[in-house]
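1. Dropping a prediction and its sequence here:
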Amino acid sequence: MKFNTKTIHGGQKPDKAYGAVMMPIYQTSTYAQRSPGDHKGYEYSRTHNPTRTALENALASIENGNYGLAFASGLAAIDAVLKLFKSGDEVISTNDLYGGTYRLFTKVFEDFGIKFHFVGMNDITNVEAYINQNTKLIWVETPTNPMMNIVDIKAVAHIAKQNKLLLAVDNTFATPYLQQPLALGADIVMHSATKYIGGHSDLVMGGLVVNDKELADKLYFIQNASGAISSPMDSFLALRGIKTLHVRMQRHCENGKAVAEYLKTHPKVEKVYWPGFEDHPNHLIAKTQMNDFGGMLSFVTKGDNYEQTVKIIENLKIFTLAESLGGVESLAGHPASMTHASIPKEERKKIGIVDSLIRLSIGIEDVDDLIADLEQALGK
């Protein structure tokens, strides 16, 4: 079954009760049992819920994995992964990553004795320098948020396997439509399903997909024990979003390319970060491991002027100034003061998150309208 068909049918069957083509919202906390322990596969909705099960099957299918898990948020999914480890263990992470992930690593799990190394992974030899007997996990974002850096998943997977480490890849920006980390050697794929998976800015959710049963069983235990599960309603919305993922991503990619090319030639723009450009770092790796280059990009205005940058964002009419990304509508954000504000300023500047950086999530509107909106905002 090819990807476009999997988004509609992958892991899905008509509901057993009445043959509903769309999985119903099982808005229930508990289930009747015939006798103690004798039930139809469901006891309590923290542990299992039919709507969530359908979503988890769908997530596994589109990532070509064996086991899917749905959580209340992307950070809840990351939290579950980190609970696989203990005090004294070490994690090597990309140095350019979502601010919430950085905050969870440094402000929560460092207090429990887990040590984190934040490394530029454009050159994967940087990873090897930090591996020691305590290393347990390599955490990768690619493309990274917000600098759009590309990490060679297959090469990092080779290093992980050599050293018997787990490799987790945050696939939120690329989605399984563009990139499939398990096929490239990753052990865990993470999604903030709030973004492209849901696709309509109407839910908050996270997901994990793995192939190994032992690893899956550990994560299912943590999911049930900790309880940060997705609700039946949100699971239903994410299932609906998956069914249009392929057609939405086609338009996100088309529009992203057009906007990136427009901004690259604009006299008030200093730099555009988009992996589709031939001069983008690791462009050839992106071309190899991705099917297209996505709808996310960042750009820096000339002068590195905070007030000027804020004025440009405030003048946008079609782009909405808001957190998040991956919805059908186009969004603009200021990473330094919004999504990455939890990262210390000196650390932000090291990786390029300057005050004049603007991040765009390109939606599926008419691209001429999006370019005209940027034109008038930059013109003012």
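-> Cool, the structure landed. Numbers count the residues shown, from 1 in each chain.
2. what comes up buried for the worst-scoring helix or strand of the chain on mean pLDDT?
-> Lowest on mean pLDDT, DSSP states H and E among the helices and strands of the chain sits helix 345-350, with a mean of 86. Buried residues in helix 345-350, counted by 16 or more other C-beta atoms under 10 Å: Arg348. Yep, even glycine has a C-beta here, placed from its N, CA and C like the rest.
3. And stretch 144-163, by the same measure?
-> Buried residues in stretch 144-163 (16+ other C-beta under 10 Å): 144-153, 155-157, 159-160.
4. Among the residues you listed, which one lies nearest to Lys107?
-> Asn145 (17.9 Å; C-beta to C-beta).
5. hey, where'd the strands end up in the stretch 101-250 of the chain?
-> Using DSSP state E, counting those that start in this stretch, the strands of the stretch 101-250 of the chain run over 115-119, 135-141, 166-170, 188-192, 206-210.
6. Out of those strands, which one sits most buried?
-> Of all the strands of the stretch 101-250 of the chain, strand 188-192 has the most neighbours on average by mean count of other C-beta atoms under 10 Å, namely a mean of 29.
7. after the longest helix anywhere in the chain, next one along is what?
-> Identified as the longest helix of the chain according to DSSP state H is helix 245-264. Downstream of helix 245-264, the next assigned helix or strand under DSSP states H and E is strand 269-273.
8. Tell me which stretches of the chain form helices.
-> Using DSSP H, helices in the chain cover 3-9, 50-62, 74-82, 99-103, 125-128, 153-162, 175-178, 213-226, 232-242, 245-264, 283-289, 306-315, 345-350, 367-379.
9. Show me the one of the ones you listed that comes nearest Ala193.
-> helix 232-242 (5.3 Å).
10. that older thread, figure out which of the helices of the chain is closest to Lys40.
-> It is, among these and with distance given as C-beta to C-beta, helix 50-62, at 9.6 Å.
11. The nearest residue to Lys257 once chain neighbours are set aside - how many residues pack around it?
-> Nearest residue to Lys257 in three dimensions, chain neighbours excluded: Gly276, at 5.9 Å (C-beta to C-beta, 6 or more residues apart in numbering). Using other C-beta atoms under 10 Å, Gly276 is surrounded by 19 other residues.
12. C-alpha coordinates for the least confident helix or strand of the chain, CSV please?
-> C-alpha atoms of helix 345-350 as CSV (Å, rounded to 0.1, in the frame of the first residue of the first chain):
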residue,chain,number,x,y,z
LYS,A,345,19.9,34.5,24.6
GLU,A,346,23.6,33.7,24.4
GLU,A,347,22.8,30.1,23.4
ARG,A,348,20.2,31.3,20.9
LYS,A,349,22.7,33.6,19.2
LYS,A,350,25.3,30.8,18.9
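13. centre of the chain versus it, how much separation?
-> Distance, stretch centre to chain centre, for helix 345-350: 22 Å (C-alpha atoms, centre = their mean, to the nearest Å).
14. contacting residues for Gln27?
-> 232-233 (C-beta atoms under 8 Å, 6 or more residues apart in numbering).
15. and the longest helix of the chain with helix 367-379, angle?
-> 40 degrees (axes from the mean of the first three to the mean of the last three C-alpha atoms, to 10 degrees).
16. so helix 245-264 versus helix 232-242, what angle?
-> Going by the same axes, to 10 degrees, helix 245-264 makes 70 degrees with helix 232-242.
17. Pull out the buried residues from helix 245-264.
-> Buried residues in helix 245-264 (16+ other C-beta under 10 Å): 245-246, 248-249, 251-253, 255-257, 259-260, 262-263.
18. try stretch 177-184
-> Applying 16+ other C-beta under 10 Å to stretch 177-184 flags 177-182, 184 as buried.
19. Over to stretch 284-304?
-> Result for stretch 284-304 [16+ other C-beta under 10 Å]: buried residues 285-287, 289-301.
20. same question, stretch 194-208
-> Buried, per 16+ other C-beta under 10 Å, within stretch 194-208: 194-199, 201, 203-208.
21. Including pLDDT and distance to His39, could the residues you listed go into a markdown table?
-> Output for the buried residues of stretch 194-208, formatted as a markdown table (pLDDT from 0 to 100; distance: C-beta to C-beta, whole Å):
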| residue | pLDDT | distance to His39 |
| --- | --- | --- |
| Thr194 | 98 | 32 |
| Lys195 | 98 | 35 |
| Tyr196 | 98 | 36 |
| Ile197 | 98 | 30 |
| Gly198 | 98 | 30 |
| Gly199 | 98 | 34 |
| Ser201 | 98 | 37 |
| Leu203 | 97 | 28 |
| Val204 | 98 | 30 |
| Met205 | 98 | 26 |
| Gly206 | 98 | 28 |
| Gly207 | 98 | 26 |
| Leu208 | 99 | 26 |
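22. of all those residues, which two lie farthest apart?
-> Ser201 and Leu208 (21.9 Å).
23. picking up where we left off before, does anything pack onto the longest helix of the chain? Which helices or strands?
-> With contacts defined as 3 or more C-beta pairs under 8 Å, 6 or more residues apart in numbering; DSSP states H and E, the packing partners of helix 245-264 are helix 3-9, helix 175-178, strand 269-273, strand 296-301, helix 367-379.
24. so which of the ones you listed is the most packed in?
-> helix 175-178 (a mean of 25).
25. who touches that helix?
-> Under C-beta under 8 Å, 6+ apart, the answer for helix 175-178 is 3, 62-64, 189, 191, 196-197, 245-246, 249, 253, 290-294.
26. who's in contact with the residue nearest to Phe85 when sequence neighbours are not counted?
-> Closest residue in space to Phe85, ignoring its immediate chain neighbours: Lys136 at 5.3 Å, by C-beta to C-beta, 6+ apart. Each residue near Lys136 by C-beta under 8 Å, 6+ apart is listed here: 84-85, 89-91, 165-166.
27. Going by neighbour count, which of those residues comes out on top?
-> Val91 (25 neighbours).
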